[in-house]
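**Q** for reference, the sequence and a predicted model appear below.
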Amino acid sequence: MPLVKKANTHHHGALREALLAEAERVIDSEGLDALSLRSISKAVGVTHAAPANHFGDLPGLLSELAADGMKRLAVRQAAAVEEAGPLLRDRAHAVARAYFKFATEHPGLVTLMSRSNRLYLDRPSIKEADALARRVVDDLSEENRKNKKIDAVRAAAERTALRAMIHGYSMLYLDGRLGPTLADLPEGMTPEAFFDVVLDVIDFP
């Protein structure tokens with residue numbers, strides 16, 4: 001059988017990565033509902049049982065893909081913070097812009113990362129990746145709390161507002177719902193530049 005022979009050409013770790021890469025390609029280009037274990041098995045050239053050996057079932061695969069996406073996003077945001085300079089405002093905006101850029105490059109993946117009903121949230125890989133993804137914003141929020149000498153409740157509110165703005169703005173853009181707003185802005189103002197204005201609602205010194 002050709003499929004079996006082709007499956008044997010994949011190293012164990014390489015096959016896992018190939019399946020995840022194909023799954024990401026499908027959800028970014030065709031949407032989450034177009035994904036199935038059977039379709040990615042066929043695309044990668046392995047038996048239909050192969051994904052189950054690595055992920056168990058479709059939610060298992062999606063959970064590992066989401067965890068991988070969270071880690072990649074966290075790395076990109078951390079790099080953006082390092083490049084932004086000493087001002088807290090600039091670093092907060094850099095984190096937001098990094099998220100927005102990642103979302104526009106990987107729309108299906110970012111949508112998946114927020115779809116709790118499609119993931120096994122109790123998986124260690126998801127918990128670890130989620131904590132890593134949160135750490136960048138948490139660190140900025142803690143620095144802001146110390147600088148402004150605000151209480152824990154206010155700090156938590158600002159941290160939540162920042163997360164909501166970052167994710168919400170990105171998803172509104174991906175869904176095309178910012179179109180009318182962006183159309184009313186001065187000519188030449190990009191979605192990224194307008195995002196900076198939105199973020200200034202939160203006072204980061």
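**A** The structure has been received and is ready for your questions.

**Q** shaky segments in this structure?
**A** For the chain, residues meeting the criterion pLDDT under 70 lie at 1-13, 205.

**Q** can you pull out the helices in it?
**A** In the chain, the segments counted as helices under DSSP state H are 2-7, 12-29, 37-44, 50-55, 58-84, 88-105, 107-113, 124-148, 152-174, 179-183, 191-199.

**Q** deepest-packed of the ones you listed, please.
**A** Ranked by mean neighbour count under mean count of other CB atoms under 10 Å, these are led by helix 107-113, which reaches a mean of 22. Yep, even glycine has a C-beta here, placed from its N, CA and C like the rest.

**Q** helices or strands up against that one?
**A** When contacts are defined as 3 or more CB pairs under 8 Å, 6 or more residues apart in numbering; DSSP states H and E, helix 107-113 packs onto helix 12-29, helix 58-84, helix 152-174.

**Q** domain ranges for the chain?
**A** What the record gives for the chain is the domain set 1-56, 58-199, from automatic domain parsing.

**Q** start and end of the last one, how far apart?
**A** When you say that, I think you mean domain 58-199. Separation of the first and last residues of domain 58-199 by CA to CA, to the nearest Å is 36 Å.

**Q** tell me the centre residue of this structure?
**A** The residue lying closest to the centre of the chain (CA atoms, centre = their mean) is residue 110, at 4.0 Å.

**Q** residue contacts, that residue?
**A** By CB atoms under 8 Å, 6 or more residues apart in numbering, the contact set of residue 110 is 69, 73, 102, 103, 170, 171, 174.

**Q** rerun at 6 Å
**A** By CB atoms under 6 Å, 6 or more residues apart in numbering, the contact set of residue 110 is residue 103.

**Q** distance check, it against residue 167.
**A** When distances are taken as CB to CB, to the nearest Å, residue 110 and residue 167 turn out to be 8 Å apart.
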